[in-house]
Each structure stands twice: as structure tokens, then as C-alpha cells.
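Asks: Build the 3D model from these lines:
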Amino acid sequence: MNRRFRWLVGFTVGMVGIIALLYAQEPQRFERGLEIIRGNILMGGTAGNRLCYEGATADAFELCLAAPDVTADVILTLPLSGAADGAFVMSTLSTNSVNVANSIWGISNALAFGGATGADGFEIQLTPADVGADRVVTIPDMAAASALMASLLTTNAPDVANSIWGTSNGLAFGGATGADGFETRIVPTDPSADRTVTLQNASGTAMLQTQAVVTLTNVDLDTTDNSVAASVCETQAAVTAAGIATTDNLIWTMTTSDLGLGFSVTAIIPSAAGQVSIRICNETAGALDPGAVADFRIVSVL
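Replies: The predicted structure follows:
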């Protein structure tokens with residue numbers, strides 16, 4: 001046996017002895033660090049399957065990284081955070097993992113929520129659009145447990161065809177040509193108490209008020225001859241109604257009147273800009289003298 005071979009055998013036996021001694025003793029401390037140029041750090045065993053960091057204070061508390069018992073080789077890659085320092089996003093769910101109940105995990109450009117039955121392979125995914133600048137999406141504090149409103153239109157966004165979005169104190173409807181910048185907005189008046197607007201259970205078109213309500217007060221209903229014959233209707237023309245246009249469609253309500261029971265007001269129509277005509281009918285068998293005044297509320301609608 002030559003000298004070189006004897007030296008190699010002796011060195012190998014000595015290293016095995018040192019390794020065995022270190023393994024049998026308490027965990028070893030490397031005061032000046034441990035650098036591994038190539039290869040792996042292998043840790044195993046029920047209690048020792050972890051990597052612990054003492055931190056700045058040499059007390060009895062450490063931060064340990066523990067690995068689960070895997071059934072195949074698994075590689076966890078530390079992501080590159082660019083030129084800046086970064087940190088892990090943590091979870092208080094110690095079992096958090098892909099397709100595990102109640103877990104949240106990252107996928108390509110999205111977050112996946114496994115839900116209570118995470119192992120079924122189905123999850124809700126939050127996926128942001130590819131933006132052209134930094135955007136902030138704020139989840140408001142509803143002051144109570146609440147839910148977000150969603151859309152079945154996956155392209156729903158401001159100024160996108162067929163989209164609906166919120167504006168200051170309103171909802172905007174983009175319509176089929178949403179990109180043209182025009183939309184229909186529903187904007188409520190500032191309420192002084194809780195209000196409920198009920199949509200009827202029917203198909204139809206909503207009637208719109210086109211201007212402020214016009215109030216007529218103490219309108220003289222006397223006709224030109226101060227008498228309305230039996231079963232006859234006459235018109236009180238040129239009653240001032242500021243704001244009414246000749247093309248307006250009118251809905252009216254007589255709020256107060258001292259007309260007798262034999263009279264009825266059957267129509268109010270625009271007669272000129274800022275004027276209306278009021279049609280009065282005698283429903284009785286004899287002539288009647290209106291000799292009365294009335295108050296009206298008039299609304300212009302489409």
C-alpha cells in the first residue's frame with residue numbers, strides 16, 4: 001500500500017468520525033458562518049426538519065423554516081424582486097397551499113381563492129387587466145359586513161361597450177357604443193330621509209320629466225261668457241304657465257279648487273310659449289257658472 005493511498009484512507013476515516021461525532025452531539029454553531037459553494041443542505045428527521053434563524057438577540061426564540069413531508073421532489077424558487085429589497089407575503093393559515101381548503105395562492109397575473117373545499121380544484125380567481133399606468137382599486141369601508149357587486153360582462157369598464165359603472169352619486173350606462181364617451185346617467189336627488197323607488201313588475205318605457213314642476217295658483221276658471229251650458233265643454237285660454245313650451249307633453253294635477261260637483265277639468269295643453277289652455281266641462285243637465293279658481297301642478301314629460 002503506497003503512502004498516498006494510506007493518507008487518503010486515513011483522511012476519509014477521520015472525516016467520517018468527525019461527521020459522526022457532530023451528528024451525535026448538540027447542534028453545532030458556526031461563529032463565522034457556513035459557506036457552501038456547490039451542493040445541497042440536507043435536513044431530515046421528525047424534529048430537525050427545519051432551518052432556524054436566531055435573529056439579532058441570542059435568546060430562546062428563533063424563526064424557523066419548516067418543510068412538510070413531500071411525496072416527490074419539490075423546488076421552491078425565491079422570486080427576483082428587481083433591484084429593490086422585498087419580503088414574502090405571509091399567511092396565518094399554516095396549511096396554506098395550492099388546492100388546500102381556505103387557501104389563497106398566486107397564479108399567472110392573478111390570485112386564486114380555494115374556498116372551503118379547496119381540494120376540489122375549483123377556485124375564484126382575481127385577474128387584473130393589463131393597464132397603461134398605475135391604478136388603485138379601493139375596497140370601501142361599508143361599516144358592516146358586505147359584498148362587492150360584480151358584472152357578467154367580463155370587459156365591463158368605463159367607456160367600454162355595454163358597460164355600467166359608478167360615477168359620483170350616480171350610475172353610468174355606456175350603451176352599445178360605450179367608447180364614444182357618451183352615456184346615460186341615473187343621478188338621485190340628495191334625499192332628506194330614506195327613500196325607496198320601486199320599479200313595477202312589467203315591461204315598458206320609463207316616462208321622463210323634462211323640466212321643473214310648474215305650479216299654477218288661483219287660476220280663474222271663468223270662461224268668456226261666465227257660463228257653461230249643459231253637457232258642454234269650454235276652454236280658458238292663455239293661462240300663464242312660465243317655462244312651458246308649445247311642444248311639451250303635459251301631466252297635470254288639480255291640487256285645490258272650489259269648482260262645484262257639476263264641473264270637471266278635462267285637459268291642459270300648451271297654447272303658446274309660457275301659456276296653457278284649460279278645458280272645463282259641465283257634466284250636468286243645466287247651465288253652470290264656474291265662478292271658481294283652482295291650483296294646478298303641471299309636469300312636462302317625454
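Asks: which residues of the chain score low on pLDDT?
Replies: Residues of the chain meeting the criterion pLDDT under 70: 1-48, 223-225.
Asks: In it, mark out all the strands, start to finish.
Replies: Secondary structure of the chain (DSSP state E): strands at 50-53, 63-66, 104-107, 110-113, 124-126, 164-167, 170-173, 184-186, 214-220, 233-240, 249-257, 263-272, 275-282, 293-301.
Asks: Name the surrounding residues that touch the third one.
Replies: Counting contacts by Cβ atoms under 8 Å, 6 or more residues apart in numbering, the residues outside strand 104-107 that touch it are 91, 96-98, 111-114, 125. Where C-beta positions appear, they are placed from N, C-alpha and C, glycine not excepted.
Asks: In CSV, list the C-alpha atoms belonging to it.
Replies: Extracted C-alpha coordinates of strand 104-107, given in CSV (Å, rounded to 0.1, in the frame of the first residue of the first chain):
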residue,chain,number,x,y,z
ILE,A,104,-55.0,31.7,-1.3
TRP,A,105,-52.2,31.4,-3.8
GLY,A,106,-50.7,33.2,-6.7
ILE,A,107,-51.1,32.1,-10.4
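Asks: per-domain residue ranges of the protein.
Replies: As given by automatic domain parsing, the domain ranges for the chain are 3-27+39-66, 156-187, 214-301.
Asks: any chance of the ones you listed in CSV, plus distance to R135 and mean neighbour count?
Replies: Formatted as CSV, those follow (distance: least, Cβ to Cβ, whole Å; neighbours: other Cβ atoms under 10 Å):
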stretch, distance to R135, mean neighbour count
domain 3-27+39-66, 35, 9
domain 156-187, 11, 14
domain 214-301, 41, 16
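Asks: so can I have JSON lines of these showing distance to D85?
Replies: Formatted as JSON lines, these follow (distance: least, Cβ to Cβ, whole Å):
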{"stretch": "domain 3-27+39-66", "distance to D85": "17"}
{"stretch": "domain 156-187", "distance to D85": "34"}
{"stretch": "domain 214-301", "distance to D85": "65"}
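Asks: And these: which comes nearest S203?
Replies: S203 sits nearest to domain 156-187 of all the domains of the chain, at 17.9 Å, using Cβ to Cβ.
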